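Colleague: Quick check, what structure comes out for this input:
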Amino acid sequence: MSQRWHKSKQFNKSNKIQVTVLSNYFQLNTLGDPLRGLRQRILRLFSLALILLTVCTACAPPPAVARDRSFPEMSLEFLGEYELPKTNFEGSPVGGLSGITYDPKGISTVTSKAYRFYALSDDPSENGEARFYSLRLDLTSSDPANIRLKKVAVEGVTSLKKADGETFSWGSINPEAIALSPRNSVFVASEGVTHAGIPPFVGEFDLKTGKLLGNLPIPKRYIPDASDEKQQQGVRENLGFESLSIDPETFSPGGLDPFRLFAATEAPLMQDLDPEQASKLRFLHYIIVDKTPQLVSENLYNLDQVPMTILNGLTELVTVGGGQFLSLERSFGLSGYSARIYQVAVGAATDTSRIQSFKGQVTMVEPVKKKLLLDLSELGIPLYNLEGMTLGPPLPDGSKSVVLVSDDNFDEAQKTQFILLRLKGKG
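Modeller: As a prediction, this is how the structure comes out:
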């Protein structure tokens, strides 16, 4: 800051009092005045006060930034975890749980709080038939203020079947995500098997029989154009559709009304892969109307980059109502697995369904907005390969529960981990 101060007039609105301050100079017409030294000190002190006032004003903090109205207040609280012991059920190992969905019409008893969930195995019909499990989750209920995840038990299994009633052959399906619909069915996403020329799909399966009822329309840009290094378009091997969620606000009695379904890729499509920043994912919005489901729009989702990782992707979406979502981003690096949950708003995002490639700078595209809610690596517990997430039952205080599950990859050294969270907010 310069030490030269220009003339400044203070308290001069009425022109009655006028004080001029000059740097290192005071014009005094009182030579010989015995109070000259005192007067000089007073003027110097007055000048210093003006300088300090100016500096303090310049350094004052800026006005508070207005809260982003895209994000209603939300928070997540860790309530506990449970590790499912290695077990077989009806002849197949229980493992590879990569998706989970809550059934609000499930079980509840007087003595304990028990709830039904469905969990999808990502087994490509290798260790058994492609399948999803019916699970019972028990929560402690003796102290409503201290809810915990008490136990998880497998109660049933349903094999996925093609439209002709036959089960999927080995390597013909790569199931990764599941969502319970309001019409007694589940939607299941398969990443496809790129090296075998098997495209990705999102199919609707009967909840009781597991039989395929129909498929959602998948745009051509998602379908691989080659099964080897010549591929220039579509989902990449094991990096396709990993997330599915159905908006609970569109559930209706009997499932007669249209409802909204959302899906997303785990990683960029081949044509979107930017060597310098591999983070541009596709977020799809469907309307399910009777027998004619429609893709309504698509948005850009920017995946956060995590240093020193060899695996990083979007593994789940959960619709929480009011146009808000939770997203689960999972990574693996030198320190093991980590995961983060974000609050997501899509209201102002650009429809990207006509954009063939995201390579380079997409300056005219507004992505979905994200806000970090919880870094699970800060919970102080070991983390495993978290891939599934869903809203669970309401808790005694009126808040919502969130349940996560990990995929143990059918590896003895890895765990099937369930995590219970409390979701609070003004959603």
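Colleague: contacts, neighbours, all on C-alpha from now
Modeller: Noted.
Colleague: Which helix or strand contains the most centrally placed residue in the chain?
Modeller: What sits nearest the mean C-alpha location of the chain, by CA atoms, centre = their mean, is Ser327, with 1.5 Å. Under the criterion of DSSP states H and E, Ser327 resides in strand 324-333.
Colleague: residues of that strand that come out buried?
Modeller: For strand 324-333, the neighbour count (16 or more other CA atoms under 10 Å) marks Gln324, Phe325, Leu326, Ser327, Leu328, Glu329, Arg330, Ser331, Phe332 as buried.
Colleague: next structured bit after it?
Modeller: Once the chain leaves strand 324-333, the next helix or strand it forms, by DSSP H and E, is strand 336-345.
Colleague: Parallel or antiparallel, which strands does the helix or strand that comes right after that following strand pair with?
Modeller: Next in sequence after strand 336-345, counting helices and strands by DSSP H and E, comes strand 369-375. As defined by DSSP bridges, the strand partners of strand 369-375 come to strand 336-345 (antiparallel).
Colleague: between the partner strand and strand 324-333, how many degrees?
Modeller: Going by axes from the mean of the first three to the mean of the last three CA atoms, to 10 degrees, strand 336-345 is angled at 160 degrees with respect to strand 324-333.
Colleague: Now do the top strand by length along the chain: which elements does it pack against?
Modeller: Determined from DSSP state E, the single longest strand within the chain is strand 309-321. With contacts defined as 3 or more CA pairs under 8 Å, 6 or more residues apart in numbering; DSSP states H and E, strand 309-321 has these neighbours: strand 241-246, strand 259-265, strand 324-333, strand 386-394.
Colleague: buried residues in it?
Modeller: Asn312, Gly313, Leu314, Thr315, Glu316, Leu317, Val318, Thr319, Val320.
Colleague: Throw the residues you listed into JSON lines and include distance to Gly96 and pLDDT, thanks.
Modeller: JSON lines is the format used below for those (distance: CA to CA, whole Å; pLDDT from 0 to 100):
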{"residue": "Asn312", "distance to Gly96": "18", "pLDDT": "94"}
{"residue": "Gly313", "distance to Gly96": "17", "pLDDT": "96"}
{"residue": "Leu314", "distance to Gly96": "17", "pLDDT": "98"}
{"residue": "Thr315", "distance to Gly96": "13", "pLDDT": "98"}
{"residue": "Glu316", "distance to Gly96": "15", "pLDDT": "98"}
{"residue": "Leu317", "distance to Gly96": "18", "pLDDT": "98"}
{"residue": "Val318", "distance to Gly96": "20", "pLDDT": "98"}
{"residue": "Thr319", "distance to Gly96": "23", "pLDDT": "96"}
{"residue": "Val320", "distance to Gly96": "25", "pLDDT": "94"}
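Colleague: hmm, back to that, name the surrounding residues that touch the strand holding Ser327.
Modeller: 71, 303, 306, 308-320, 337-346, 385-387, 389, 427 (CA atoms under 8 Å, 6 or more residues apart in numbering).
Colleague: I figured Gly323 hits Ala345, correct?
Modeller: Yes. Applying CA atoms under 8 Å as the test, Gly323 and Ala345 come out as touching, 6.4 Å apart.
Colleague: Which one's more surrounded, those two?
Modeller: For Gly323 versus Ala345, neighbours defined as other CA atoms under 10 Å are more numerous around Ala345 (20 against 15).
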